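S.K.: need coordinates for the below:
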Amino acid sequence: MSGICRELRDRYRAFRARSLGEVRLLALFMDAIYLPVRPEGPKEGVLVAWGFTTEGERVLLDVCVGQRERTEDWLDLGQGLIRRGLRSPLLVVSDGAPGLVRAIIEL
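M.R.: Predicted coordinates:
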């Protein structure tokens, strides 16, 4: 593995492991975008969670690959946010994707 790939992987892992205990959210936004992550493959879902804090700052909370926005993928992302100390926001915003809505209800 090249040095740059190793460094990017390490930074991504640190980003996904950092504590969110100090983050106070007003609103949490969750959505997916479909991107070609490999030159010769199908597009894959990239799940994103971000929000606005009580201080009015925008914060990126998590980014990960998901399998077509399945409930299980969103639950994994949400449970990871909770494990890292994120408290419940006042508002959760989604596009109404069924798997995401089910995960929000379960969390």
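
S.K.: what's the spacing between Ala49 and Gln67?
M.R.: 17 Å (Cβ to Cβ, to the nearest Å). From N, CA and C alone the C-beta is placed, and that goes for glycine too.

S.K.: more neighbours: which of the two?
M.R.: Higher neighbour count among Ala49 and Gln67: Ala49, with 22 against 11, using other Cβ atoms under 10 Å.

S.K.: buried set for the strand or helix carrying Met30?
M.R.: Using DSSP states H and E, Met30 sits within strand 25-36. Buried residues in strand 25-36, defined by neighbour count with 16 or more other Cβ atoms under 10 Å: Leu25, Leu28, Phe29, Met30, Ala32.

S.K.: surely the first one and Val92 touch.
M.R.: The one in question is Leu25. No: Leu25 is beyond contact range of Val92, at 9.2 Å (criterion: Cβ atoms under 8 Å).

S.K.: who does the strand holding Met30 pair up with?
M.R.: strand 43-53 (antiparallel), strand 91-93 (parallel) (DSSP bridges).
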